[in-house]
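[1] sequence plus predicted model, see below.
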Amino acid sequence: METEVNKALNAIRHRKYQRGLSILLKARVGFKKAVLDFAQQAVRSEVKDLKRARNSSFQGGKTIEGISKFDWENQFHEISGTCPVLLQVLTGALTSQQSSHHLSLACKLHNSVKPIIGVLVSQILYQHRPRNLNFFQQLNSVQMWLAGCQREVRFNIF
């Protein structure tokens with residue numbers, strides 16, 4: 001077991017961080033638990049910072065003009081600046097090794113992950129502050145209204 005730790009430390013000394021971490025994750029259960037706890041705390045902190053952000057693109061109460069100017073790119077930029085760990089976790093879950101550098105879906109290389117990540121982060125924030133961080137829900141309601149859905153259908157979805 002100590003030889004595995006020495007291999008990992010040697011890899012890290014040679015700036016092969018991914019290899020060193022991979023060896024430690026396989027060799028030590030405690031290290032794996034520590035990495036997962038660190039990631040959980042980091043994501044929790046990032047979400048807290050995003051919830052507190054002023055003028056967030058995730059806040060509701062937008063006007064029709066604000067809704068018409070909506071862009072997934074702005075939301076993605078806000079997520080990448082405030083929540084880098086969460087962004088990498090979601091990107092890793094949605095992309096393949098080949099598609100990750102284009103930020104496209106693993107199953108459909110021509111589709112971007114940015115809208116999906118925006119929706120997922122919107123849902124996470126909505127669970128924390130449904131009265132304030134509900135822009136996606138408002139956007140979805142407007143889209144459903146424009147499509148002719150009944151009011152009861154919209155409320156049952158959320």
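    Now that the structure is in, tell me what you want to look at. Residues are numbered from 1 along each chain as shown.
[2] residues touching residue 20, list them.
    Residue 20 sits next to 8, 9, 10, 11, 12 when contact means Cβ atoms under 8 Å, 6 or more residues apart in numbering. From N, CA and C alone the C-beta is placed, and that goes for glycine too.
[3] ok, which stretches of this protein are helices?
    Secondary structure of the chain (DSSP state H): helices at 2-13, 17-27, 29-52, 64-68, 72-82, 84-94, 114-128, 135-146, 151-157.
[4] and those helices as a markdown table, adding mean pLDDT and distance to residue 58?
    Formatted as a markdown table, the helices of the chain follow (pLDDT from 0 to 100; distance: least, Cβ to Cβ, whole Å):
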| stretch | mean pLDDT | distance to residue 58 |
| --- | --- | --- |
| helix 2-13 | 89 | 37 |
| helix 17-27 | 91 | 32 |
| helix 29-52 | 93 | 7 |
| helix 64-68 | 75 | 12 |
| helix 72-82 | 89 | 7 |
| helix 84-94 | 91 | 13 |
| helix 114-128 | 89 | 5 |
| helix 135-146 | 77 | 5 |
| helix 151-157 | 55 | 19 |
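[5] where's residue 131 relative to residue 115, distance?
    24 Å (Cβ to Cβ, to the nearest Å).
[6] break the chain into its domains for me.
    What automatic domain parsing lists as the domains of the chain is 1-52, 58-158.
[7] follow-up on the earlier one: which of residue 131 and residue 115 has more neighbours?
    residue 115 (13 against 8; other Cβ atoms under 10 Å).
[8] these two touch, right, the more buried one and residue 71?
    No - using Cβ atoms under 8 Å, residue 115 makes no contact with residue 71, being 10.3 Å away.
[9] residues contacting residue 128?
    Applying Cβ under 8 Å, 6+ apart to residue 128 gives the contacts 47, 51.
[10] distance of the closest residue to residue 142 other than its chain neighbours from residue 77?
    Leaving aside its sequence neighbours, residue 142 sits nearest to residue 67 (Cβ to Cβ, 6 or more residues apart in numbering; 6.0 Å). Going from residue 67 to residue 77 by Cβ to Cβ gives 18 Å.
[11] identify the residues contacting the residue nearest in space to the middle of the chain.
    With distances taken as Cα atoms, centre = their mean, the residue of the chain nearest its centroid is residue 87 (4.0 Å). Neighbouring residues of residue 87 by Cβ under 8 Å, 6+ apart: 79, 80, 117.
[12] measure how buried the first one is and give me the count.
    Going back to what we said before, that points to residue 79. Quick note: residue 79 (other Cβ under 10 Å) scores 23 neighbours.
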